[in-house]
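Colleague: Structure for this input, please:
(chains A and B)
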Amino acid sequence: AQTVTQSQPEMSVQEAETVTLSCTYDTSESDYYLFWYKQPPSRQMILVIRQEAYKQQNATENRFSVNFQKAAKSFSLKISDSQLGDAAMYFCAYRAGGTSYGKLTFGQGTILTVHP
Amino acid sequence: GAGVSQSPSNKVTEKGKDVELRCDPISGHTALYWYRQSLGQGLEFLIYFQGNSAPDKSGLPSDRFSAERTGGSVSTLTIQRTQQEDSAVYLCASSRAGGGFNTEAFFGQGTRLTVV
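Modeller: Numbers count the residues shown, from 1 in each chain, chains lettered A, B, ... in the order given. Have a look, this model is predicted:
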């Protein structure tokens, strides 16, 4: 079974600074997708960024980027120029690739606090 | 609809009572998922629907939990004889059919269930 581990229960960052959230996963599959979701106090999960396992190039979405290390099974999220609105719980998630349906396996989450 | 809608937003029930949680997915989304998020934890998969059938019910924690989907649209998650450990946020997500990389799951805001 696939597992996703986030070892940082809480992180904090100063506004405008950079922060990196860690995620490791375990799978025997070669084709899979990885995601970072943001969950603000409204509880609604919002997709931040996604990565295909067979693409070596790290995904980037504006201020958000990932460091995908397939051999190490590591998938960290870097938030640059942090903003107060980035404060939320962040979840790393795994999904099997190919024609498999979209069941997600989530990590335990990291609470990010942004200080003004 | 414009997004995934869940009702009620919050539900307080007495131990031993039955509860029904409703999810109204995005129009045209044939795939629907239920997840459970216990306090401070990641999301735990419960069940997956493709149309009205549920090919994966592996996450339902006990036979007190059941779900159905009618007309390929609205889904209801029913918890019978609720227990205190059932207290959690129940999140619903929907997506277009298939599990391809660009098939994004959209989440509702969840139902916070408190069993007293």
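
Colleague: quick one, strands of chain B?
Modeller: For chain B, the strands defined by DSSP state E occupy B:5-7, B:10-13, B:19-24, B:31-37, B:43-50, B:53-56, B:65-69, B:75-79, B:88-95, B:106-107, B:111-115.

Colleague: Point to the residue nearest the middle of the chain.
Modeller: No chain in the question, so chain A it is. Closest residue to the average C-alpha location of chain A: A:Trp36 at 3.0 Å, with CA atoms, centre = their mean.

Colleague: Chain B is the one I meant
Modeller: B:Trp34 (3.1 Å).

Colleague: Tell me the buried residues in stretch A:54-71?
Modeller: A:59, A:64-68 (16 or more other CB atoms under 10 Å in any protein chain shown). Placement of C-beta: from N, CA and C, glycine included.

Colleague: and that stretch, anywhere near chain B?
Modeller: No. Judged by CB under 8 Å from any CB of the partner chain, stretch A:54-71 and chain B are separated, with a smallest distance of 9.3 Å.

Colleague: same for the one helix or strand A:Lys38 maps to, what does it pack against?
Modeller: Under the criterion of DSSP states H and E, A:Lys38 resides in strand A:32-39. If you count contacts as 3 or more CB pairs under 8 Å, 6 or more residues apart in numbering or on different chains; DSSP states H and E, strand A:32-39 packs onto strand A:46-52, strand A:64-69, strand A:74-79, strand A:88-96.

Colleague: ok, residues contacting the lowest-mean-pLDDT helix or strand in chain B?
Modeller: In chain B, no helix or strand scores lower on mean pLDDT, DSSP states H and E than strand B:53-56, which sits at a mean of 92. The set of residues external to strand B:53-56 that reach it, using CB atoms under 8 Å, 6 or more residues apart in numbering or on different chains, is A:101, A:103, B:47-48, B:67, B:69.

Colleague: Same list (those) but as JSON lines, adding neighbour count and pLDDT.
Modeller: Below are the contacts of strand B:53-56 laid out as JSON lines (neighbours: other CB atoms under 10 Å in any protein chain shown; pLDDT from 0 to 100):
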{"residue": "A:Tyr101", "neighbour count": "18", "pLDDT": "76"}
{"residue": "A:Lys103", "neighbour count": "21", "pLDDT": "88"}
{"residue": "B:Ile47", "neighbour count": "23", "pLDDT": "96"}
{"residue": "B:Tyr48", "neighbour count": "21", "pLDDT": "94"}
{"residue": "B:Ala67", "neighbour count": "22", "pLDDT": "98"}
{"residue": "B:Arg69", "neighbour count": "21", "pLDDT": "97"}
